[in-house]
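[1] need a structure here:
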Amino acid sequence: MTAPTAPGRPRRPSGDGPADRRARRSAVLAGGLAGALALAGALPGDPAAARGARSDPGAVGLLRAAADAARRVPYEGRRFLTTRNRGRAVTSRVAVSHTPGGGVRYRSGTTGEAYRADSAAGDTTGFTPATLTLLTRNYSVVRAADASVCGRSARVVEARRADGSPAGRFWIDRETGLMLHRELIDATGRPVIATGFTEISFTPAAEPVTLARPRGGPSRFPGSSADGPVENAGVQDTVSPWGEALDRTVLAGLRHRGWPVPEGLPGRLALYDARRESGGGALHLSYSDGLAAVSVFVQRGSLDERGLTGWQKTVRRGRTVFRRESLRHWAVSAGNGYVYTVVTDAPQSTAVAVAVSMPRDSAPFWTRLSRGARRLASKANPFD
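    This next block holds a predicted model:
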């Protein structure tokens, strides 16, 4: 049976009872990671007790193979991303085409065409080696009953907490090994992030079809093109402004010069990738626990509240944070002469908790909005 409320929702194995089906329908993305929960509940759950839990090598191997398949398997189709927060769902859809060696191209009716190199293809439909290491460190990875997605047979893998409840679920194509669908599940059992294919074929087309504006919220970061859809007259290629990954020696040098680069964040989020804007500008820090992913953009500067019209202002633990929800959840704070822009698919409470945790000075002086991090963050994912 296919639950009607989530785009591309995979079919579950037969034999589920009516109560289970009703529970799933009420939990599926009518709206993302549950906003009423505190950080420990907003993320898939504090995995502390699951650390060292035994994983099934076969299940881990399927995820590792999915990361490889994302780079080597040609395909074209349509993908979606749905996030949920406080009962509100936001869904974005893009057409996608992958040619091995040629990267991944996306097209939507709002942002034209975007591009992602093959070196980052694993971020799109599979795991990178770094995030898979974090997943097996924090969760027990096991096989679940097989199912189907997009009319294709799929092997299902679950990441489980110490109590045995699922924190993440992944559908992997039996034939190609490609990740077809994945969900992040909160502590109450609700899928709060879902992403995957609604259509797929393995003969990629040269020109993916143009899709409509994403439903349920703005498709780009607020403040870009006055929050409206960005309709391009021509095809726009997105070129990453970020350089190569920064190694530990470079990060140590940045920290020595005063740049805030935490190794870890609340919810056992660990730093697994760091890059710097071309020309030596902002930093893009990527954190994950293997399931939830958080980007933190760090720039020199301070904030001007006048530039945050439409944002919600909140004070947490004596710190001012501006937040705004769209397809992704944003939080902005400042301190020690730096502006921190947090972007995540996880609930708004996660974004705020991370913004609050960043280094701060004793008396913040809000003088200027650093728009650069917002501009750079808008390039971080083709769904925006």
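
[2] ok, which stretches of the stretch 251-384 of the chain are helices?
    Secondary structure of the stretch 251-384 of the chain by DSSP state H, counting those that start in this stretch: the helices cover 348-357, 371-377.

[3] Of these, which shows the lowest average pLDDT?
    Per-stretch mean pLDDT for the helices of the stretch 251-384 of the chain is lowest at helix 371-377 (a mean of 48).

[4] Any chance you could list what contacts stretch 150-160?
    8, 10, 44, 50, 53, 59, 62-63, 77, 135, 139-148, 166-175, 180-181, 197-200, 290-291 (Cβ atoms under 8 Å, 6 or more residues apart in numbering). For glycine as for every other residue, the C-beta is placed from the backbone atoms N, C-alpha and C.

[5] Pull out the buried residues from these.
    8, 10, 44, 50, 53, 59, 62-63, 77, 135, 139-142, 144, 147-148, 166-173, 180-181, 197-198, 200, 290-291 (16 or more other Cβ atoms under 10 Å).

[6] What about the residues you listed, which are in strands?
    Among the buried ones among the contacts of stretch 150-160, DSSP state E puts 77, 140-142, 144, 147-148, 166-173, 180-181, 197-198, 200 in strands.

[7] Let me know the helix or strand that R71 is in.
    Under the criterion of DSSP states H and E, R71 resides in helix 57-72.

[8] Which positions within that helix qualify as buried?
    Quick answer for helix 57-72 (16+ other Cβ under 10 Å): A59, V60, L62, L63, R64, A65, A66, A67, D68, A69, A70, R71.

[9] Report all helices and strands that it contacts.
    Contact partners of helix 57-72 among helices and strands, from 3 or more Cβ pairs under 8 Å, 6 or more residues apart in numbering; DSSP states H and E: helix 122-125, helix 129-138, strand 140-149, strand 152-160, strand 166-173, strand 179-185.

[10] Can you tell me what sits against it?
    Applying Cβ under 8 Å, 6+ apart, the contact partners of helix 57-72 are 98, 100, 118, 121-122, 124-129, 132, 135-136, 141-143, 155, 157-158, 170, 172-173, 176-179.

[11] Would you agree T195 is in contact with T82?
    Yes. Contact criterion Cβ atoms under 8 Å: T195 and T82 qualify, at 7.2 Å.

[12] I'd like to know how many residues surround the residue nearest to W330 when sequence neighbours are not counted.
    Spatial nearest neighbour of W330, excluding adjacent residues (Cβ to Cβ, 6 or more residues apart in numbering): R324 at 4.9 Å. Neighbours of R324 under the rule other Cβ atoms under 10 Å: 20.

[13] show me what contacts R324?
    Counting by Cβ under 8 Å, 6+ apart, R324 has contacts P222, G310, W311, Q312, W330.
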